[in-house]
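Q: build the 3D model from these lines:
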Amino acid sequence: MDYYEGQTASLTRTISEADVEAFAWVTGDANPVHLDEEMAARTRFGKRIAHGMLVGSFISGLLGSQFPGPGTIYMSQTMKFLRPVYLGDTIRVVATVIAYRADKEILTLRTEIFNQGGDAVLSGEAVCLVSDVVGVPVAAQSGA
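A: Model prediction:
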């Protein structure tokens, strides 16, 4: 596969109560700001919010399933949480190639997540080993 600067892929997902509850159960993160509507109403957010790491985990879904695709191995991921994501929000996860080191088959991507209003809720950078990627990525596009 040829990777080039500006190549991009995205996915869209609506955050459900079931997503938040399953993430809480799997991780053990039972913070009431995620699970208790009454408690969350008394916070600066005014209502329940999704776990930041739940939101960030959709980057992994994009990278491992669509682009670069199956066989992608994470080497690192940075994340900066910019805004809360509420239950019912629809997020768009975007990965954009910013560098490719062909000799080591290491791909660096800008990773961003936006809410339904187009506001950035997360920004970061992923570094992936792509030597074992199988098949052709289905969602890769050129440009932003």
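
Q: residue 95 is in contact with residue 110, correct?
A: Yes - between residue 110 and residue 95 a contact is recorded at 7.3 Å, counting by Cβ atoms under 8 Å. Every C-beta, even on glycine, is put in place using the N, C-alpha and C of the backbone.

Q: these two: who's more crowded?
A: residue 95 (27 against 16; other Cβ atoms under 10 Å).

Q: specify the beta-bridge partners of the more buried one.
A: Residue 95 has these beta-bridge partners by DSSP bridges: residue 9, residue 111.

Q: surely it is in contact with residue 6?
A: No - with contact defined as Cβ under 8 Å, residue 95 does not count as touching residue 6 (11.7 Å).

Q: got a pLDDT number for residue 142?
A: We have a pLDDT of 42 for residue 142.

Q: which parts of stretch 77-85 are buried?
A: Buried residues in stretch 77-85, counted by 16 or more other Cβ atoms under 10 Å: 77, 79, 84-85.

Q: turn those into JSON lines, including pLDDT.
A: Shown next, in JSON lines, are these (pLDDT from 0 to 100):
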{"residue": "77", "pLDDT": "98"}
{"residue": "79", "pLDDT": "98"}
{"residue": "84", "pLDDT": "98"}
{"residue": "85", "pLDDT": "98"}
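
Q: show me these that map onto strands.
A: 77, 79 (DSSP state E).

Q: out of the buried residues of stretch 77-85, which is nearest to residue 46?
A: residue 84 (9.6 Å; Cβ to Cβ).

Q: residues in a beta bridge with the closest residue to that closest one other than its chain neighbours, which ones?
A: Leaving aside its sequence neighbours, residue 84 sits nearest to residue 49 (Cβ to Cβ, 6 or more residues apart in numbering; 4.3 Å). Beta-bridge partners for residue 49, by DSSP bridges, are residue 86.

Q: show me the contacts for residue 49.
A: Listed by Cβ atoms under 8 Å, 6 or more residues apart in numbering, the contact set of residue 49 reads 33-34, 40, 84-87.

Q: can you name the two of the residues you listed that sit furthest apart?
A: 40 and 85 (13.0 Å).

Q: three-state assignment of the spatially closest residue to residue 1 that is not a sequence neighbour?
A: Nearest in space to residue 1, with sequence neighbours left out and distances taken as Cβ to Cβ, 6+ apart, is residue 133 at 6.3 Å. Recorded secondary structure, residue 133: coil (DSSP: H, G, I helix; E, B strand; the rest coil).
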